[in-house]
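>>> Below is the sequence, then the predicted model.
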Amino acid sequence: MEKNKDKEVLRKAGDVVLFIVIMGFTLPIMLMGMLYVWFGGLPFLLPLLLVLYVSVGAMLVVTLFNKSKHKKTVYRIIMGAIVLSLIPAIPGIYDKTRHVVRDGYVDTTSYAPFHEHSQVVTLKEPSTLKIEDNLPILDGATALYPIYSAFAQAVYPEKEYYQHDSEVMSNRTGEAYNNLINGRVDIIFVAAPSDQQLATAKRLGNELKLTPIGKEAFVFFVNDKNPVQSLTEDEIKSIYAGDITNWKEVGGKNKDIRAFQRPQDSGSQTALQHFMGDTPIMDPPVEDIASLMGTIIDQVSDYKNYNNAMGYTFRYYSTEMTNNNSIRLLAVNGVEPTKDTIRSGEYPITNELYAVTAGSDNPHVAEFIDWILSEQGQEIVEKTGYVSIK
């Protein structure tokens with residue numbers, strides 16, 4: 001009897017140790033999971049993770065300590081707790097399933113010059129300009145990378161050009177302007193600069209020279225199920241000023257308008273500012289982001305394709321690079337944004353695209369830009385899908 005009692009005590013002690021070991025082993029995994037969802041912008045999943053961890057402990061107790069008679073009750077409690085933890089997560093899960101459209105949110109690898117399966121266009125005849133050494137360093141907007149990558153493929157020697165560290169980079173509009181102003185690149189291909197970018201260049205003693213190389217439509221888009229097909233310029237301005245707040249005011253359904261914006265100094269946000277002119281723009285929708293310092297910061301929300309959402313970008317980027325069938329471009333003043341309406345001037349919000357320099361001493365910059373404005377350079381602009389400047 002005494003030996004059996006000792007064995008029972010040892011068995012229970014072993015079960016306790018096993019319980020502690022398993023729970024101790026899974027604790028750091030659970031904590032890492034909680035950190036991942038926190039910094040990943042998924043805080044609504046935290047209650048579920050906590051419930052799952054506690055559930056593991058409850059099931060271990062039932063299994064290790066012969067509580068089988070309470071097994072069904074424990075499992076019901078666990079299932080109920082999981083369901084309850086999912087209820088507050090449902091809006092967040094729904095939010096995360098919405099398609100996101102953001103500037104630069106495409107894989108541009110296929111547009112790299114000399115890439116094996118490159119989608120960049122080619123000339124009918126060999127380029128009249130070839131630069132073999134001292135290559136001008138290029139950078140620019142994601143939407144224009146297919147153009148200037150094709151320029152480089154026509155004029156530069158064949159080799160691999162890494163998108164973030166080579167003579168042909170693609171760092172998006174804001175970083176491209178920053179690189180140009182600080183002398184790290186020779187030419188950038190972008191939309192017009194923001195007032196802040198102009199001020200920064202002036203403060204550093206640099207004068208930006210903007211050479212138009214093509215034309216493009218600045219477009220507004222909505223969920224493809226939105227019945228609104230066209231807006232006037234005044235209606236768009238009123239929406240982004242915060243004066244029109246419901247789709248029923250412009251012929252749509254009785255739904256609040258979610259008018260998304262882009263971060264300051266991005267190409268499309270600067271285009272919106274130019275379009276709005278003296279009309280003040282309302283504060284953009286923001287989302288709370290967990291920072292590495294453990295604090296919560298506000299960040300301009302990326303466009304999420306709710307059925308009441310509205311966003312903006314450039315025509316080629318939205319129709320050719322993102323190829324998103326769940327959004328629809330709006331006509332403006334009844335005119336659809338097409339190459340023909342851009343060329344004719346019928347589409348009212350047309351922007352020039354620029355090769356921008358800031359006093360580079362590279363000896364090939366001037367001849368390269370002259371070539372871009374030549375028949376061959378403009379052929380590339382047109383074949384890529386934009387409208388030539390001439």
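Great, that's in hand.

>>> what pLDDT, on average, does stretch 304-311 get?
Stretch 304-311 carries an average pLDDT of 85.

>>> How far does it stretch from one end to the other?
End-to-end distance for stretch 304-311, by C-alpha to C-alpha, to the nearest Å: 9 Å.

>>> Same check on stretch 198-217?
23 Å.

>>> Excluding chain neighbours, what is closest to residue 368?
Excluding the flanking residues, the one nearest residue 368 by C-beta to C-beta, 6 or more residues apart in numbering is residue 136, at 5.7 Å. No exception for glycine: its C-beta is placed from N, CA and C like everyone else's.

>>> secondary structure element for that neighbour?
Using DSSP states H and E, no element contains residue 136; it sits outside every helix and strand.

>>> For it, grab phi and psi.
When read as degrees, to the nearest 10, the backbone of residue 136 gives phi -60, psi 140.

>>> what about it, distance to residue 79?
65 Å (C-beta to C-beta, to the nearest Å).

>>> go on, residue 37?
From residue 37 over to residue 79 (counting by C-beta to C-beta), the distance is 22 Å.

>>> Residue 216 now?
From residue 216 over to residue 79 (counting by C-beta to C-beta), the distance is 55 Å.

>>> which one of the two has more residues nearby?
residue 216 (25 against 11; other C-beta atoms under 10 Å).

>>> So what are the sheet partners of the helix or strand containing that one and their directions?
Secondary structure assignment for residue 216, by DSSP H and E: strand 209-223. Each strand paired with strand 209-223, and its direction, by DSSP bridges: strand 309-314 (antiparallel), strand 327-329 (antiparallel), strand 350-357 (antiparallel), strand 387-388 (antiparallel).

>>> can you put those strands in JSON lines and add mean neighbour count?
Listed next are these as JSON lines, based on neighbours: other C-beta atoms under 10 Å:
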{"stretch": "strand 309-314", "mean neighbour count": "24"}
{"stretch": "strand 327-329", "mean neighbour count": "19"}
{"stretch": "strand 350-357", "mean neighbour count": "22"}
{"stretch": "strand 387-388", "mean neighbour count": "21"}
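
>>> Distance to residue 32 for those strands - can I get that in CSV?
CSV is the format used below for these (distance: least, C-beta to C-beta, whole Å):
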stretch, distance to residue 32
strand 309-314, 34
strand 327-329, 36
strand 350-357, 45
strand 387-388, 51
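
>>> out of those strands, nearest to residue 184?
strand 350-357 (13.0 Å; C-beta to C-beta).

>>> and that closest one, average pLDDT?
96.

>>> which element follows that strand toward the C-terminus?
Following strand 350-357 in sequence, per DSSP H and E, is helix 365-372.

>>> could you check the angle helix 365-372 makes with the next helix or strand after that following helix?
Under the assignment DSSP H and E, the closest C-terminal helix or strand after helix 365-372 is helix 375-384. Relative orientation of helix 375-384 versus helix 365-372 (axes from the mean of the first three to the mean of the last three C-alpha atoms, to 10 degrees): 60 degrees.

>>> Break down the stretch 151-300 of the chain into its strands, ranges please.
Taking DSSP state E, counting those that start in this stretch, the strands of the stretch 151-300 of the chain run over residues 187-190, 209-223, 230-231, 258-259, 286-290, 296-300.

>>> Kindly state the pLDDT recorded for residue 233?
97.

>>> again with residue 49
pLDDT, read off for residue 49, is 82.

>>> wait, it sits on residue 30?
Yes. Using C-beta atoms under 8 Å, residue 49 is in contact with residue 30, at 6.1 Å.

>>> follow-up on the earlier one: buried ones in the strand holding residue 216?
211, 213, 214, 215, 216, 217, 218, 219, 220, 221, 222, 223 (16 or more other C-beta atoms under 10 Å).

>>> Switch these over to JSON lines; also include pLDDT and distance to residue 129.
Formatted as JSON lines, the buried residues of strand 209-223 follow (pLDDT from 0 to 100; distance: C-beta to C-beta, whole Å):
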{"residue": "211", "pLDDT": "97", "distance to residue 129": "16"}
{"residue": "213", "pLDDT": "97", "distance to residue 129": "15"}
{"residue": "214", "pLDDT": "97", "distance to residue 129": "18"}
{"residue": "215", "pLDDT": "96", "distance to residue 129": "23"}
{"residue": "216", "pLDDT": "95", "distance to residue 129": "24"}
{"residue": "217", "pLDDT": "95", "distance to residue 129": "29"}
{"residue": "218", "pLDDT": "95", "distance to residue 129": "31"}
{"residue": "219", "pLDDT": "95", "distance to residue 129": "33"}
{"residue": "220", "pLDDT": "95", "distance to residue 129": "38"}
{"residue": "221", "pLDDT": "90", "distance to residue 129": "37"}
{"residue": "222", "pLDDT": "92", "distance to residue 129": "43"}
{"residue": "223", "pLDDT": "89", "distance to residue 129": "45"}
